[in-house]
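Participant: What shape does this take:
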Amino acid sequence: MNTIQKTGISLFLLAMVIFTLALGWSDHTLSTDSIYADNDYHRSAIANTAESRGLLNKTYSSNLSFISDYQSILNEAQSNLNSQFQGEGAPDGVAEWDFKIGDWKIKDYIFQAVRNSSSGWVPNRPMLFFFLTFGLAILGGFLYIIPMFQTVPGIKHNGIYNDSLTRGLTLPVRKILLSLAIIGLVIYGVFYMNKDFVWPLLTLIIIGLIIYMVMVREASKDRTPQRSASPTTTGWIGLGVGIYFIAFYILLYWKAEYLTNWIEMVDPISMALSGNPASQWFLYGLMYTIIVLVMGIRMIAKYRHNKYQIIRTISVIFFQTAFAFLLPEILVRMNQPWYDFKNIWPLNYTFFFDWNIETLTSSGALGIFMFVWGIALIIIGVPVITYFFGKRWYCSWVCGCGGLAETMGDPYRQLSDKSLRAWKYERYIIHGVLVFAIVMTALVLFTAITGSRSVLFLSSDTVRGWYGFLIGSAFAGVVGTGFYPLMGNRVWCRFGCPLAAYLGLVQRFKSRFRITVNGSQCISCGNCSTYCEMGIDVRWYAQRGQDIVRSSCVGCGVCSAVCPRGVLRLENGSVDIDERTSQLRTVHIDESQVKILY
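Facilitator: Numbers count the residues shown, from 1 in each chain. This next block holds a predicted model:
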């Protein structure tokens with residue numbers, strides 16, 4: 001590491017310190033102007049409660065104490081309105097939930113009040129702190145990356161299993177963290193579902209059933225092979241980074257009021273793009289895009305000896321920047337619905353929600369086109385394009401989740417578990433999520449068509465609420481990205497993404513795509529298996545001379561890029577689609593013919 005790279009790391013760490021500390025660099029004054037509410041009944045009840053408790057016009061030096069007090073004010077105001085409604089009812093012409101404060105409104109009321117009441121260093125100087133955080137981090141990143149272009153092209157291990165940042169976790173530590181994550185999310189899910197134990201309990205039962213099927217029914221107690229996912233010493237720096245990621249996603253999804261200072265930093269950019277104040281989702285989208293761009297340059301520097309890697313990295317940068325970030329914001333500025341044209345159901349699980357259908361179909365010709373486009377991608381786009389190119393067209397070239405995994409997550413790709421047991425878990429979990437998505441969507445559509453909100457014992461509102469919490473937030477974000485330094489960069493894509501499951505089924509049974517193997521050239525170095533982010537033991541196939549057709553393979557091509565002998569090639573062919581998955585094929589040549597033996 002040269003002086004320029006050390007300077008880059010120092011600037012990046014400084015930016016992260018400022019970024020983290022900035023969460024608390026603001027004051028908050030609770031005034032009548034800072035109170036946000038949908039109507040005068042709510043606003044009056046909140047103001048009266050604050051005044052009666054002597055908190056009106058009080059100034060707080062920390063958002064932590066402000067949020068705590070304001071939460072208790074809202075709870076008391078909610079209780080007062082509920083009591084008034086029970087005793088006197090709502091005023092004439094006022095609906096029940098226009099008078100009472102619903103639980104679902106409290107989160108938004110707190111978030112807006114924190115923003116409205118803020119003052120101090122960060123809120124008053126957003127662009128200065130944007131450059132001190134985002135700007136310094138970007139500069140530091142480029143200073144570290146640019147010298148990589150001066151090194152000799154080609155893959156280098158560079159001590160990935162010795163570096164505390166990229167080593168991963170020992171098996172016992174990983175088991176403990178997974179158990180804590182599952183238990184913690186299920187417990188929080190009980191409160192998220194208003195103390196409804198049914199769905200959290202059902203989730204635990206299904207998890208137990210999957211463990212039973214893998215460990216007992218399929219007798220997969222031994223982890224073979226154990227390479228690439230179980231170091232002998234835990235990488236504690238990587239563990240710390242993972243915990244930071246997990247904490248960020250918890251705040252982003254469920255406690256965004258604590259992120260308001262970060263949101264304030266990007267407010268001017270949001271106003272310039274869409275004309276609206278920034279939300280936590282704009283903050284996330286901007287961070288996401290910047291990370292994909294900067295780490296994408298690193299990806300190009302690392303794999304610049306491989307044209308395929310360069311082109312697909314440019315592709316994911318383009319689709320994330322243009323389609324996932326800029327275009328939706330521009331559409332909002334034009335008074336059109338926010339829409340990501342590359343996001344496909346069931347990954348975009350809200351596509352068939354009643355509010356989304358209503359928004360699109362009531363937005364004129366463009367909105368109707370968006371709705372038809374989304375359906376066409378599901379029914380026609382996915383099977384047809386996957387038939388010709390495999391799931392790589394989406395997972396490695398277009399998808400934002402894949403883009404983040406391939407760029408920010410690239411240093412951790414070697415941490416994917418290659419064991420047969422992990423593959424068995426993968427099959428049950430990812431296809432289970434796909435079934436869950438289909439059932440949830442069917443219930444939502446049933447409600448939209450009939451008006452009935454329940455089928456037998458299932459409530460469509462409850463099911464979609466639990467899906468959004470468990471899969472859309474906890475799995476996709478907290479675990480899917482937070483576990484990059486702990487279990488590899490494709491945890492979500494491999495175990496949880498329902499669209500990846502859909503694409504994988506088409507790829508497995510009816511696609512021209514395969515990775516062909518020239519087995520006679522394989523020297524069993526293991527690079528291909530080490531760098532497979534989807535946990536495929538590629539070397540096992542290469543040693544047998546067997547083409548690789550796996551539903552999980554995203555066609556990233558890194559296995560081919562790191563092979564020193566050119567054994568692996570990503571190819572498309574239509575002649576032998578039904579025979580691609582044969583266990584072993586060898587070419588037999590004699591005087592009269594050349595044929596494939598199975």
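Participant: Confirm that Leu165 sits in a helix.
Facilitator: No: with DSSP: H, G, I helix; E, B strand; the rest coil as the criterion, Leu165 is coil rather than part of a helix.
Participant: Distance-wise, check it relative to Gln593.
Facilitator: Using C-beta to C-beta, to the nearest Å, one obtains 55 Å as the distance from Leu165 to Gln593. Just so you know, the C-beta spots here come from the backbone N, C-alpha and C atoms, and that holds for glycine as well.
Participant: Of these two, give the one with the bigger neighbour count.
Facilitator: Per other C-beta atoms under 10 Å, whichever of Leu165 and Gln593 has more neighbours is Leu165, with 16 against 7.
Participant: I figured the more buried one hits Pro485, correct?
Facilitator: Yes: at 7.1 Å, Leu165 counts as touching Pro485 under the criterion of C-beta atoms under 8 Å.
Participant: intersection of neighbour lists for these two?
Facilitator: In terms of C-beta atoms under 8 Å, 6 or more residues apart in numbering, Leu165 and Pro485 are both contacted by the residues Gly235, Gly238, Val241.
Participant: Quick check: phi and psi at Leu568.
Facilitator: Dihedral pair for Leu568: phi -110, psi 140, per degrees, to the nearest 10.
Participant: repeat for Arg514
Facilitator: Backbone geometry at Arg514, expressed as degrees, to the nearest 10, gives phi -160, psi 160.
Participant: So which bits of the helix ranked longest in the chain are buried?
Facilitator: When the chain is parsed with DSSP state H, its longest helix is helix 420-450. Neighbour counts over helix 420-450 (16 or more other C-beta atoms under 10 Å) mark 420-434, 436-437, 440-441, 443-444, 446-447 as buried.
Participant: can you give me how far it is from the chain middle?
Facilitator: In this view, helix 420-450 has its centroid 17 Å away from the chain centroid, taken as C-alpha atoms, centre = their mean, to the nearest Å.
Participant: ditto for stretch 506-513
Facilitator: Stretch 506-513 has its C-alpha centroid displaced from the chain centroid by 25 Å (C-alpha atoms, centre = their mean).
Participant: Put the alpha carbons of it into PDB.
Facilitator: Coordinates of each C-alpha in stretch 506-513 appear next as PDB, following Å, rounded to 0.1, in the frame of the first residue of the first chain:
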ATOM      1  CA  VAL A 506     -36.200 -20.800 -15.700                       C
ATOM      2  CA  GLN A 507     -32.400 -21.000 -16.000                       C
ATOM      3  CA  ARG A 508     -32.200 -24.500 -14.500                       C
ATOM      4  CA  PHE A 509     -34.900 -26.100 -16.700                       C
ATOM      5  CA  LYS A 510     -35.200 -24.000 -19.900                       C
ATOM      6  CA  SER A 511     -32.200 -21.700 -20.800                       C
ATOM      7  CA  ARG A 512     -29.400 -21.700 -23.300                       C
ATOM      8  CA  PHE A 513     -27.000 -20.500 -20.600                       C
END
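Participant: pLDDT-wise, which helix or strand of this protein ranks last?
Facilitator: Comparing helices and strands within the chain by mean pLDDT, DSSP states H and E singles out strand 586-589 as the least confident, with a mean of 56.
Participant: as a whole number, average confidence for stretch 352-365?
Facilitator: Stretch 352-365 carries an average pLDDT of 94.
Participant: what sits up against it?
Facilitator: Residues outside stretch 352-365 that contact it (C-beta under 8 Å, 6+ apart): 336-337, 339, 345, 350, 367-368, 370-371, 441, 444-445, 447-448, 464.
Participant: contact partners of stretch 65-83?
Facilitator: Residues outside stretch 65-83 that contact it (C-beta under 8 Å, 6+ apart): 28, 30, 41-42, 45-46, 48-50, 53, 55, 58, 60, 99-101, 103, 106, 109-110, 113-114, 117, 257-258.
Participant: ChimeraX command to pick out the buried ones of those?
Facilitator: ChimeraX command restricting these to the buried ones, with burial defined by 16+ other C-beta under 10 Å:
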select :28,30,41,42,45,46,49,50,55,60,99,100,101,106,109,110,113,114,117,257,258
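Participant: So Ser552 lies in a helix, does it not?
Facilitator: No: the assignment for Ser552 (three-state DSSP) gives coil, which keeps it out of a helix.
Participant: Leaving out chain neighbours, which residue sits closest to it?
Facilitator: Met534 (4.7 Å; C-beta to C-beta, 6 or more residues apart in numbering).
Participant: Next, count neighbours for that neighbour.
Facilitator: By other C-beta under 10 Å, 26 other residues sit near Met534.
Participant: for the stretch 351-500 of the chain, what spans make up the strands?
Facilitator: 454-455, 458-459 (DSSP state E, counting those that start in this stretch).
Participant: taking the mean pLDDT, what do you get for the last one?
Facilitator: Put plainly, it is strand 458-459. What strand 458-459 shows for mean pLDDT is 85.
Participant: Name the strands paired with that strand and say parallel or antiparallel.
Facilitator: When pairing is defined by DSSP bridges, strand 458-459 lines up against strand 454-455 (antiparallel).
Participant: who's in contact with the strand it pairs with?
Facilitator: Against strand 454-455 from outside (C-beta under 8 Å, 6+ apart): Leu443, Phe446, Ser460.
Participant: again with stretch 325-338
Facilitator: By C-beta under 8 Å, 6+ apart, the residues outside stretch 325-338 that reach it are 270, 273-276, 282, 285-286, 288-289, 339-341, 359-360, 363, 366-367, 370.
Participant: can you check stretch 267-276 too?
Facilitator: Residues outside stretch 267-276 that contact it (C-beta under 8 Å, 6+ apart) are 126-127, 130, 277-279, 282, 286, 326, 329-330, 332-333.
Participant: Highest neighbour count among the residues you listed?
Facilitator: Among the contacts of stretch 267-276, Ala278 has the most neighbours (other C-beta under 10 Å), with 24 neighbours.
Participant: So that one versus Trp262, what's the distance?
Facilitator: Taken as C-beta to C-beta, the span from Ala278 to Trp262 is 9 Å.
Participant: Contact partners for Val491?
Facilitator: For Val491, the contact set (C-beta under 8 Å, 6+ apart) comprises Val479, Gly480, Phe483, Tyr484.
Participant: Please identify which pair of these lies farthest apart.
Facilitator: Val479 and Tyr484 (10.1 Å; C-beta to C-beta).
Participant: which of these two has more neighbours?
Facilitator: Tyr484 (25 against 22).
Participant: Hmm, the more buried one is touching Asp410, no?
Facilitator: No: with contact defined as C-beta under 8 Å, Tyr484 and Asp410 do not form a contacting pair (9.7 Å).
Participant: Now for these two: what residues contact both?
Facilitator: The contact sets of Tyr484 and Asp410 do not overlap (C-beta under 8 Å, 6+ apart).
Participant: how's the chain carved up into domains?
Facilitator: By the assignment in automatic domain parsing, the chain contains the domains 27-119, 512-597.
Participant: Nearest to Arg174, out of these?
Facilitator: Checking these against Arg174 by C-beta to C-beta gives domain 512-597 as the closest, at 13.6 Å.
Participant: how close does the residue lying closest to Gly573 once chain neighbours are set aside sit to Leu136?
Facilitator: With sequence-adjacent residues excluded and distances taken as C-beta to C-beta, 6+ apart, Gly573 is closest to Arg512, at 5.6 Å. Using C-beta to C-beta, Arg512 is found at 47 Å from Leu136.
Participant: Could I get the CA-only coordinates of stretch 354-364 as CSV?
Facilitator: The C-alpha trace of stretch 354-364 is given here as CSV (Å, rounded to 0.1, in the frame of the first residue of the first chain):
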residue,chain,number,x,y,z
ASP,A,354,-53.9,-1.5,-4.2
TRP,A,355,-52.3,1.9,-3.5
ASN,A,356,-49.7,1.3,-6.2
ILE,A,357,-52.2,0.1,-8.8
GLU,A,358,-54.4,3.2,-8.0
THR,A,359,-51.4,5.5,-8.3
LEU,A,360,-50.2,4.1,-11.6
THR,A,361,-53.6,3.8,-13.3
SER,A,362,-54.7,7.3,-12.2
SER,A,363,-51.6,8.9,-13.6
GLY,A,364,-52.5,9.1,-17.2
